[in-house]
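In: Just need the structure, nothing else, for what follows:
(chains A, B and C)
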Amino acid sequence: MTAAFRTTAAGRLKGAKPVKISFDGASYAALEGDTLASALLANGVHLMGRSFKYHRPRGVLSAGAEEPNALVGIHRDAARKTPNVRATVQEVYDGLTAVSQNRWPSLAFDVGAVNDIASPMFSAGFYYKTFMWPKAAWKSVYEPTIRASAGLGVAPDKPDPDHYASRYAHCDVLVLGGGAAGLSAALAAAETGARVIIADEQPAVGGALRFETGSTIDSAAGWDWAQATAVKLAAMDNVRVLTRTTAFGYYAQNMVGLVERVSDHLADPGHDLPRERLWQVRAKRVIIATGAIERHMVFDGNDKPGVMLASAGRTYLNHFGVLVGKNVGVFTASDSAYAAAIDLKQAGASIAAIVDLRDNPAGPLIDQARALGIEILSGRTLVRASGNLRVASMTVRATSGGPERTIPVDALLMSAGWTPSVHLFSQSRGKVAFDSATRRFLPGDYAQDCVSVGACSGTDTLADTVKDAVAAGEKAAKAAGLAKTVGTKVKAETSESWAGGMVGAAPGAGPDTTGKAFVDFQNDVTAKDIRLAVREGMRSIEHVKRFTTNGMATDQGKTSNIHGLAIAAEALGKEMPEVGLTTFRAPYTPVTFGSLVNHSKGRLFDPTRRTPFHAQEEKLGAVFEDVGQWKRAWYYPRAGEDMHAAVNRECATVRKAAGIFDASTLGKIEVVGPDAAKFMELMYTNPWEKLESGRCRYGIMLREDGFIYDDGVVGRLAADRFHVTTTTGGAARVMNHMEDYLQTEFPHLDVWLTSISEQWAVIAVQGPKSRDIIAPLVEGIDMSDGAMPHMSVREGKICGVPTRLFRMSFTGERGFEINVPADYAAAVWDAVWAQGQKHGACAYGTEAMHVLRAEKGYIIVGQDTDGTVTPQDAGLDWAVGKKKTDFVGIRGLKRPDLVAKGRKQLVGLRTKDPKVVLEEGAQIVADPKQPIPMKMLGHVTSSYWSENCGRSIALGVVTGGFERMGQTLYVPMPDKVIEVEVVGQVFFDEKGERLHG
Amino acid sequence: MLLIHCPYCDEDRPELEFRNAGEAHIARPENIAEISDEEFAQFFFIRTNPKGLIYERWRHIHGCARFFNAVRDSVSDKFLMTYKAGEKRPTVKAGEKA
Amino acid sequence: MRKYSVFAIAREAMRAHKGWDAQWSSPEPRAEYDVIIVGAGGHGLATAYYLAKNHGITNIAVLEKGWLGGGNTGRNTTIIRSNYLYDESAGIYDHAVKLWDGLSQDLNYNVMYSARGVMMLAHNVHDVQSLKRHVHANRLNGIDNEWMTPEQAKAYCPPLNISPDARYPVVGATLQRRGGTARHDAVAWGYARAASDRGVHIIQNCEVKGIRRSANGHVTGVETSRGFIGAKKVGVVAAGHSSVIMQMADVRMPLESYPLQALVSEPVKPCFPCVVMSNTVHAYISQSDKGELVIGAGTDQYISYSQTGGLHILTHTLDAICEMFPVFSRMKMLRSWGGIVDVTPDRSPILAKTPVPGLYVNCGWGTGGFKATPGSGHVFAHTIANDNPHPINAGFTLERFRSGRLIDEAAAAAVAH
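Out: Okay, the predicted model is just below:
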C-alpha cells in the first residue's frame, strides 16, 4: 500500500523497502530511509504534537534538528522509552512505535487546550505575579498544578538496558558538517595527507543538497556529488567519515564533543551495537561548515499543523518523495520559498499563491514561478492562517493594510530567510559580528584555531562556498603541519542563491494586533510576549529570553532567537546588536545522558580496589564495607551471628588469644636518602633524627595551618630509610603532600619518595598469642621481647619470602604487622591462618579494629578529628617535638585561636547507664533543659559496645574537655537525654601492660 | 579539558593527567616559625586570584609526577607557557604567545 | 508600585497587557549616593532592598557590569537548605530560610520558593557519622533535618536506586523538609522591582573600574564606565569578581574563583519530587517547575573567569546522576553552562567590614550562595547601615583568617579514613 501523499514525481526513496510504523496506536506504511515525520506526512498526518503552555495542536515545522514542534516518545519496549524525540530526526524502522506527548486524553482532543482559550491570562511571566495567596496554596495547589501541566514527554521509569560507547580521537583537521562546504574542505585537507575527521548529523552527507536540486558540482547533481565524495573520503586511510554524528560542544583548545547515533535507526540493534557513541576529538584545526537554518515568518496562526518552513516542504518532496499538501500556500520574504513552490508545482501540487512581503521581487526564480502560472501576491502580508487541527486557509492583505482576502490551503510554506549556524563558532568563544546589510550575525573574531566556511559564515553562493572551503581545507592542513597541497579542485557549475529575508514580526503581527504570532513555537512565545517583556523593563536580550522563555525550549531557539531579538530591538528602538545576542551554549542538540556516561556505570562507575587477601576473606564469610574505593572486610559473621555478635566475638578473641586482620589498605611510603631523617623532621611533628634503626614511632602530620592531616606508624629501616604508613584515605594525598614539599620547598634535601602501598600487603596479628602464631613461620628475626620490643621493625623472611615485620599495636595487645610482597600475600595469609587456628585466633574486620582501638583511646584521623583538630586538642601534644625549630604546621599551631582557651578537646565519655551506646555524631551539652537553640559543647566521635569492658565506650570532642574530667554532661536525643561522664581516653588496660604481655 | 605542556616530559598532555596546585611563587618563609599572624595569613590564605594572567602550579601527577609552573590567561584559559619548578618567574604580557 | 495579583492580570488580559509598567526603572546615575552596592545579583539587590526597607536608606545605587541577575544568581541550581553543621552557618542559612518562607508576599513577586525537601545521601559508614552529626546539631539548633533509612529515602524519592549492588549503595539519608528550590530569576527581579520601588537606582551596563579613597583612606566613591560616582559607603557583592573589585582598594582577599558548571535536561512530566545531593558520588539534582531536571556539577580544578568548563566535569556528574538514578540514562542534556564561584579557604562566606573605612564586602559563598540570598542581604544591609555586623554575620569576618577562627564546613565533612 502506498501512502496517499507519496509521489513518484520526486524523491530518493524509490525502491526502498516498505516498513510499518505505529503512531498513537495507528499503523502507517513507511519506507526505509524515511524519518518518522516524512512517513507521517506521506500518510497525510500533520498533527504530531502539542505545545508546552497552550497545548496548541502542532505539526512539523522543519525537516531537521531545529524542530520545535513534532516531538514524540519512542517506545522500543518497557525499558526503552525515550521522550521528546524529534520526529524529523528519528529514522523509521519496521515496527517503530511512537506516541504523542503532552496531551490528555488524546492528541486530537486535548483537555489542556483550555489553556489556549484562557491564554490572555497566561501572558509571559504571568506566574511571577500571582499564585501568592493564600501562601500555603503555592505548595499544595498552584505548584503541583503548574508542574503537571508543564513538562513534555514522560521520563523513563526503568533502568536503561542499552549500552553506550566512547572514543577519544586526535586529528589534524576536524570538519563539522558534511554539506558542500564541509565535503570540499575535507577533501582538500585529506588530499594533503592530513588526518581528517568529518562529521554530519544526517544519515547521509549532503546538507542542503538534500533539497537543493538545482545545484551541480563537478558535472554531477549536487546530492550525487556529495555521496560520491563521501565514498571517496571514506576510502582514504587518513579520513574518518562519521554520519548520524552531531558535534554538540566546542570546548577549550579545540576539543569537540560529538555524539554518534549508532543504532536508534535499526529495527533490531542486537546487543553488540551500542546505542550511541561519544567522540571526544582533539583537532589541530577545526573547520566549521554547519550551514544555515531557515527562519519562519512571524504571523498569527503560523503554528497551525501544515504550516512549515519552505525548505522543509522541499526536503519532504525532493528527498522523501512526500507532498506536504495538494493545495499549498506560500508566505515569504526570501527567494528560497519560490524554489520550494516551483518544485511542488512541478511534482503535481497546486500552489494557491505565493505571498511575498517584498514589493517587487525579481529574479530567475520569480520569473520561473510566474511562468509556471503561480499567482504571486507581492507587497502583501499574511495576517492569519486558520484551521483547527490543520491549516485550512490563509488570509492576505497588502503590507500597508487594506482589505483581506482568504485563500484556502492545506499546507503553507514560509521563509523569512536563513540564519547562519554560528552555534559552534560561538561555543568556541569566538565573537559574532552583526552584518547590518543582511541583518545577520556572522563569525567575527576567532578565539581558537578554527574557521567557518559556507553558509554558516554568510557565503551565499555554492560556487563561492566550495572555493572557500577548498582553500580552508588546504590552509588548515598546512597549519596542522602538512607541507604539500595537491590543488584539489571542486567546482560548482550551477547553484541556487536566494535573495531577501526579514527578521522580526511580519506586517500584520505588529504591536497593535491581538493574534498569536509565534516566535518560539514549543514554548508558546509570541511576538506580543516579547513586546510585553520590553514593556516590563527587560532591556537585555538575556532578560527578554528568561522572562518569556524564548529560545529555551528543546530546540534552544534555532529558529526563534533572531526573530525574538529583532522584535525586542524594535520595541526598544535600538539596533539588534545593542540589545545583544544570547549566548549559545552546549549542547547544540540535546545529548543523551547515557552517551555521556558511557562505560562509567555500575561496577565501572568507580574502580573497586581489593586487597591481595580479598579471596581469603570472602572464603571466611567476610562482610565488606566501602572505604573510599576499597572493599574492606568489615566483620566475619559465623552461622547465626549478627554484626553485633560477630564483632563482640572478634573483639574478645583478640584479647583472649589473637586476631588476624588485613591492614593492606594503609598507605605506605618509603622515604630514602641521606637527608631522609631531615625530611621526616619537617613533615611530621615528631623528632626523627634520634630514632634508632629498627625502631618505630607514631607520627603526626599537620597541614601548614596546624591541624592534623594524617597519622601513622613509621619504622626506621636504616639511617637513610624510613617505612612510613599513612591512613587508608590519606595514602594518595600524603604522598602528594610530601612530594610537593620535597620538590618545591625543600628541593635541597637529598631524598626519594616511593609509594609502596601496593607492593606490600599487610597482615596484622594482634593478641597475646600473636608471637606464638607467627614465630614458627619467621626466619632470620629474633622475636624475643628483648631483641624485638614493642615499636620495632625487622627485615627477614616469613614462609620463605621477604618480610618487613613490625612489632606494633593498634589494639593495645602484643601485636605484629607482617608486610609481605603482594604477590606472595595470599600464601602467607593461609600459613598464618593455619597457625592461628592452632591458637584459637580468629579473623577480625574493621569494625572490631575500631572497637579495640577505641578501648585504648587510639584516634582515627577523619573520625575523631575533622580537619579542625590540633595535636593538643587530640591529647597528642606529647608527639609534637618541643625543641624542633621547624616542621610543617609549626606556625599555624601558634595562631591565636588555636591556642585559645575553650577549644574542643578529645576525651572519653562514659554513659551513666553502661548499657546505653551513644550515637556517633550526637551532640553534647551541659544543660539539657536549656531552650533551643542549645549551646553545644561538642559531639560524640566514636562510640561502641565494648564486650571487653562489659559496657559502652565513647570518645568525643568537648569544649574545654581536659578540664572537665569527672563532670556530668548530657547528650540530648530526640526521645531521651543521655547522661555521660567525662573521662580519660583510655578504657582498657590503662597502663598499657598488655602491649608487652 | 585543557591541554597542558609538561616542561619535564616536553609533551602536550590532557588535563586528566594533571593536578592543579594553586598559585605559584609563594615561597614558604624560611623563618616560618617566627613570622607574625598577619604574615602567616598572607602566606597561607591570601591569594592573587587574578582575572588575566595567572601564575600557577601544576603537577603531572599521572605522568612524570613533577610539579611545575604555568602562566595562563584566566579569562581565555589559554596557556602562555609552562616552566620548571625553581625557575624564575617569567615576565609575560597578556596576549603574548609563548 | 502596582500590586501584582490575579486580579491585576485579569484586568490586563482585557487590554492586551498594555498597562504593565517596567518592573524596575533604569535611571541615569546621580553624582553621589549614600551607599553604592557593586553587583546587581540576588545578594546585592537584596542588600539594597533591606537597606531601604529596614534602615531607611534609599539613596542607593546598585551598579552592575552586565545585566541584573546575570551572574551566579541566574546560573545556579537554586537549592535552598539550612542544615549546616556549625552554629554560625546554621544561623545565617536558617535566617535565610525563614525569609524565603514569605518572600513572595514580602516582595509581591512570586519567587516560587518550593519546600520540596532536600535529601542528602550517605553511602558509607563515614557518611553516616558525618550526616548524623549534622542531624543532631541541627535539631539542637532548631533546624529540621531528619534521618532516613534507604527505604524511607526511596519512598520519598521513588527514582532513587537503593540496590545494595550499586557501586556505592545508599545506606541512609537525611531530609530537610523546609529545604527546596526557588526560581532564580524571580529572586533577582523581585528584589530589583521592590528596591526600585523604594527609590533604589539599579544601573546596569555600568562597570566599576576603580575605588576612590580620601587621603585618610576612607572610601569616597567608585570610578565606573559611566564616570565617577560618589558614596561614603560601598558594599562589594560581586561573587566571582569580588577579589578583582577589592583589589581596586588594595585589599587582597582569601578567595579563589573557579568555574562551576550545571546543566538541565529536556523537560518531562513530574518525575522527581525533591532535591537530592550526594557528596560522596558528587552530584545534586532536582526538577524545575518547567519539568527540566536541574543538575549541578563540581568545579573545575583551576582558577578561571571564563564561565566555561571542561566536558569531563559534566560527564563525571552525569555518571553520578545515572548511578543514583539509572532510570534517567535515556534523558537528554538540553543546556549546560558555567558560573564563576569565589571560594574561601574554609568554604564559608565573608560578610564583613574591611580594613578600608566605608568599604564592606559580601563574598566567598562558593558553590552555595543562592540559598542564603535573603539572609545575606538582610544582615549585610545591617552591617552597612550600622557600620557593625549583625550578630548573625559577626563570625564571617576577614579577620578569622588571621586568628584561625575558621568556620570550616568543608573540614567538618572530612574525607573518609
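
In: Flag every residue of the stretch 651-800 of chain A that's near chain C.
Out: Contact residues, the stretch 651-800 of chain A versus chain C (C-beta under 8 Å from any C-beta of the partner chain): A:Asp705, A:Gly706, A:Phe707, A:Thr727, A:Thr728, A:Gly729. No exception for glycine: its C-beta is placed from N, CA and C like everyone else's.

In: in which helix or strand would I find the fifth one?
Out: Using DSSP states H and E, no element contains A:Thr728; it sits outside every helix and strand.

In: isn't it right up against A:Leu666?
Out: Yes: applying C-beta atoms under 8 Å, one finds A:Thr728 in contact with A:Leu666, separated by 5.7 Å.

In: give me the element C:His126 is part of.
Out: Applying DSSP H and E as the criterion places C:His126 in helix C:125-140.

In: Around chain C, pick out the residues from chain B.
Out: Residues of chain B lying close to chain C (C-beta under 8 Å from any C-beta) are B:1-2, B:15-16, B:19-20, B:22, B:37-38, B:40-42, B:44-51, B:54, B:56, B:72, B:74-77.

In: For the very next helix or strand once past the helix holding C:His126, which helices and strands make contact with it?
Out: Going down the chain from helix C:125-140, the next helix or strand is strand C:146-148, by DSSP H and E. With contacts defined as 3 or more C-beta pairs under 8 Å, 6 or more residues apart in numbering or on different chains; DSSP states H and E, strand C:146-148 has these neighbours: helix C:125-140, strand C:172-176.

In: Of all the ones you listed, which one comes closest to chain A?
Out: Taking C-beta to the nearest C-beta, helix C:125-140 is the member of those nearest to chain A, at 3.3 Å.

In: Does A:Arg807 have any beta-bridge partners, and if so which?
Out: Beta-bridge partners for A:Arg807, by DSSP bridges, are A:Ser792, A:Phe816.

In: quick one, what contacts the closest residue to B:Ile46 other than its chain neighbours?
Out: Spatially, and ignoring its direct neighbours in sequence, B:Ile46 is nearest to C:Arg252 (4.8 Å; C-beta to C-beta, 6 or more residues apart in numbering or on different chains). Contact analysis of C:Arg252 by C-beta atoms under 8 Å, 6 or more residues apart in numbering or on different chains lists B:Gln42, B:Ile46, B:Arg47, B:Thr48, C:Ser243, C:Met246.

In: do the same with C:Pro169
Out: A:Asp626, C:His123, C:Pro150, C:Ile162, C:Ser163.

In: in what helix or strand does it lie?
Out: Using DSSP H and E, C:Pro169 falls outside every helix and strand.

In: Tell me, what's the model's pLDDT at it?
Out: For C:Pro169, the model assigns a pLDDT of 96.

In: Point out the residues in chain B that sit beside chain A.
Out: Residues of chain B lying near chain A by C-beta under 8 Å from any C-beta: B:1-3, B:14, B:19, B:21, B:27-28, B:32-33, B:35, B:37, B:40, B:44, B:57, B:59, B:61, B:65-67, B:76-78, B:85-86.

In: at 7 Å instead, please
Out: B:1-3, B:21, B:28, B:32-33, B:35, B:37, B:40, B:44, B:65-67, B:76-77, B:85-86 (C-beta under 7 Å from any C-beta of the partner chain).

In: Quick one: buried ones out of those?
Out: Taking 16 or more other C-beta atoms under 10 Å in any protein chain shown as the criterion, what is buried in the residues of chain B next to chain A is B:Met1, B:Leu2, B:Ala21, B:Ile32, B:Asp37, B:Phe40, B:Phe44, B:Arg66, B:Phe67, B:Ser76, B:Asp77, B:Ala85.
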